[in-house]
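Student: Sequence and predicted model, in that order:
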Amino acid sequence: MQQRALGLKRTGKTIGLVPTMGFLHEGHLSLMRLARERCDVLVVSIYVNPAQFAPTEDLDAYPRDFGRDEELCNQEGVDLLFYPATMYADDASTWIDEKALSEGLCGAAREGHFQGVCTVVAKLFNLVLPDLAVFGEKDAQQLRIIERMVRDLNFPVEIVRGPILREPDGLAMSSRNKYLSAQQREEALCLRRSLDGVQKLYGEGERSVAVLRRKMLDCIEPVEGAEVDYIEFVDDGSLVAMDEVRGDVLVALAVKIGSTRLIDNEVLHA
Ligand code: AMP
């Protein structure tokens, strides 16, 4: 991959990268379309990165369908599909640790997760040598951590944000939605409903995080199969939690529907 990328660079081509874990859906395809417009060579990577899964998580069960993914990439005009079998030497011992934005939200519940994400993304940048890389707002914390890493470590890569793509009923698209039974699929709508509720209350002038969070809990707690992992209101830049909404605030939540952990988020703009 790196040899190919170096060759492309020598001929003056710009490279766009969309990193994924496969089992592609419209959300992933929307990122590819964003990248496609802005580069000569579009590279998509598919790699279910073991380093970002804790031993208790769903690494082995994570859905995979390379044949279908390949077909979708062809339809989207992807030039290179990077599909490595592994990305780490057996005795790999160098890791990237972002130490501020990774502490809360998903980082609190998923130990080592963002270390795995940062390391694999840095490796992908070194292999693919992209001019730009597109990441989805769906993973809001991940996106901000990657932007911080790129700034702090001077990667010559422009990070492009891709908006969240949703199913017609509002559920954020995710490869993990495949785990949901028909009833759980219905229950999962409580995430979107809670964000709609908070948006409405915020629009009416409410600024107390306790009141806004209560509104969200009222949407989720009555749902039998739903268990809140976290609901956080954090400063959109620093990801520090706040009591009172001031400036741009990221509202992020993780909810378990049965054993499937779903995330969603929205920014309340000042
Ligand atoms: P994943 O394969 O889940 O690791 O996601 C690969 C990329 O697609 C990440 O940048 C995600 O943020 C992005 N992504 C996942 N779901 C969506 C969605 N519903 N809308 C937009 N981007 C998404």
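Tutor: The structure has been received and is ready for your questions.

Student: So in terms of bridging, what pairs with the residue of the stretch 101-250 of the chain found nearest the ligand?
Tutor: Minimum separation of the stretch 101-250 of the chain from the ligand (C-beta to the nearest ligand atom) falls at G136, amounting to 2.4 Å. Heads up, the C-betas are built off the backbone N, CA and C, glycines and all. Residues in a beta bridge with G136, per DSSP bridges, are G162.

Student: How many residues are close by it?
Tutor: Under the neighbour criterion other C-beta atoms under 10 Å, G136 is assigned a count of 23.

Student: again, but for Y88
Tutor: Residues within reach of Y88, counting by other C-beta under 10 Å, total 15.

Student: again with T14
Tutor: A total of 13 residues lie near T14 under the criterion other C-beta under 10 Å.

Student: just P84 next, same as before
Tutor: Based on other C-beta under 10 Å, the number of other residues close to P84 is 13.

Student: tell me the secondary structure for it?
Tutor: coil (DSSP: H, G, I helix; E, B strand; the rest coil).

Student: Spatially nearest residue to it, not counting backbone neighbours?
Tutor: In this structure, P84 finds its nearest non-sequential neighbour in Y47, 5.7 Å apart by C-beta to C-beta, 6 or more residues apart in numbering.

Student: go on, N177?
Tutor: Nearest residue to N177, sequence neighbours excluded (C-beta to C-beta, 6+ apart): L171, at 6.7 Å.

Student: and if you look at Y83?
Tutor: The shortest distance from Y83 to any non-neighbouring residue, by C-beta to C-beta, 6+ apart, is to I46 (4.9 Å).

Student: again with L239
Tutor: Taking C-beta to C-beta, 6+ apart, and ignoring the residues beside it in sequence, L239 has L101 as its nearest neighbour in space, at 4.8 Å.

Student: E244 too?
Tutor: The shortest distance from E244 to any non-neighbouring residue, by C-beta to C-beta, 6+ apart, is to R207 (5.5 Å).

Student: give the contact list for the one you found.
Tutor: By C-beta atoms under 8 Å, 6 or more residues apart in numbering, the contact set of R207 is 244-246.

Student: So which of the residues you listed are in strands?
Tutor: The strands, defined by DSSP state E, take in nothing from the contacts of R207.

Student: And K200, how far from K138?
Tutor: Between K200 and K138 the distance is 22 Å, computed by C-beta to C-beta, to the nearest Å.
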